[in-house]
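> Okay, sequence plus prediction incoming.
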Amino acid sequence: MTSILIVAVLGACDMNHTRCEDAELRRERSPDGKYTAITYHRACANNSAQYTWVNLMQENEGPLLKSETKPVLSLRGSYDIAAAWIDSQTIEITCAGLADQKAVLTQENSWKTVNVHYKAR
């Protein structure tokens with residue numbers, strides 16, 4: 001009975017305000033081809049909330065394997081952003097939004113075998 005009530009209540013809610021749209025900016029593949037950095041802007045709640053993101057994606061060698069992805073940087077606001085591989089294990093992300101610590105929501109220094117360096121413009 002409780003499950004039915006929860007489904008009924010959730011089904012009646014209008015979830016449009018939580019929808020987000022991503023605009024991919026660029027993909028940068030690591031020199032060894034094992035990882036890809038994806039930069040994009042995200043707009044949520046009818047553009048009332050905007051974010052800048054960088055995801056790292058581990059490329060898989062088999063066609064049936066799913067790629068694994070991890071957000072390493074997320075910022076509140078829309079910023080110019082660049083990601084450049086220094087070598088196969090190190091990426092540098094440059095963005096003016098890094099200067100405002102209140103804008104930084106997520107900032108990972110590493111993921112798997114990749115070291116992430118940051119530079120505020």
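It's in.
> residues contacting residue 23?
40, 41, 42, 43 (Cβ atoms under 8 Å, 6 or more residues apart in numbering). In short, each C-beta sits where N, CA and C put it, glycine included.
> Tell me the buried residues within the residues you listed.
Buried members of the contacts of residue 23, counted by 16 or more other Cβ atoms under 10 Å: 40, 41, 43.
> And the strands in this protein, which stretches?
Per DSSP state E, the chain carries strands over the ranges 20-29, 35-44, 49-58, 68-76, 81-87, 90-95, 104-107, 110-111, 114-119.
> will you turn the ones you listed into a markdown table that also has mean pLDDT?
Shown next, in a markdown table, are the strands of the chain (pLDDT from 0 to 100):
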| stretch | mean pLDDT |
| --- | --- |
| strand 20-29 | 96 |
| strand 35-44 | 96 |
| strand 49-58 | 96 |
| strand 68-76 | 96 |
| strand 81-87 | 98 |
| strand 90-95 | 98 |
| strand 104-107 | 97 |
| strand 110-111 | 98 |
| strand 114-119 | 98 |
